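S.K.: Fold the following, please.
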Amino acid sequence: MHRDVDRSLTGKIGRVTGRIGPGTIGEVMLPFRGGTSAFHAHPFDRASAFAVGEEVLVIYYEPPQTVYVDELPDVLRKDARG
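M.R.: Residues are numbered from 1 along each chain as shown. The predicted structure follows:
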């Protein structure tokens, strides 16, 4: 059975609210449906760790409430945007 991939959150920037790391379920807050929602989060590479307060980039969204994230590239960081 073919299932369409939901890319609605791919490329969104979120803030870590529960530590993300290998073998754990972290949490990230993301803009979603006109508001902000909490999503379960895992490191996309299965090895990285992200501390509370860090900004991360959503690489893959697995409905209903799980995202896989990676480090936010420097070009997208607020402090680098001027």
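
S.K.: Going by C-alpha atoms from here, please, whenever you check contacts or count neighbours.
M.R.: OK.

S.K.: Show the pLDDT at the closest residue to Ile20 other than its chain neighbours.
M.R.: Counting by C-alpha to C-alpha, 6 or more residues apart in numbering, Ile20 lies nearest to Gly26, which is 4.2 Å off, once chain neighbours are set aside. According to the prediction, Gly26 has pLDDT 98.

S.K.: quick one: Gly26 from Ala38, how far?
M.R.: Relative to Ala38, Gly26 is positioned 10 Å away (C-alpha to C-alpha, to the nearest Å).

S.K.: quick one, which of these two is more surrounded?
M.R.: Neighbour count, other C-alpha atoms under 10 Å: between Gly26 and Ala38, Gly26 has more, with 23 against 18.

S.K.: Next, the contact list for the more buried one, please.
M.R.: If you count contacts by C-alpha atoms under 8 Å, 6 or more residues apart in numbering, Gly26 has them with Val16, Thr17, Gly18, Arg19, Ile20, His40, Ala41, His42.

S.K.: got a markdown table for these, with distance to Thr66, neighbour count and pLDDT too?
M.R.: Converted to a markdown table, those look like this (distance: C-alpha to C-alpha, whole Å; neighbours: other C-alpha atoms under 10 Å; pLDDT from 0 to 100):
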| residue | distance to Thr66 | neighbour count | pLDDT |
| --- | --- | --- | --- |
| Val16 | 13 | 23 | 98 |
| Thr17 | 14 | 19 | 98 |
| Gly18 | 13 | 20 | 98 |
| Arg19 | 14 | 18 | 98 |
| Ile20 | 12 | 25 | 98 |
| His40 | 5 | 18 | 98 |
| Ala41 | 6 | 26 | 98 |
| His42 | 8 | 28 | 98 |
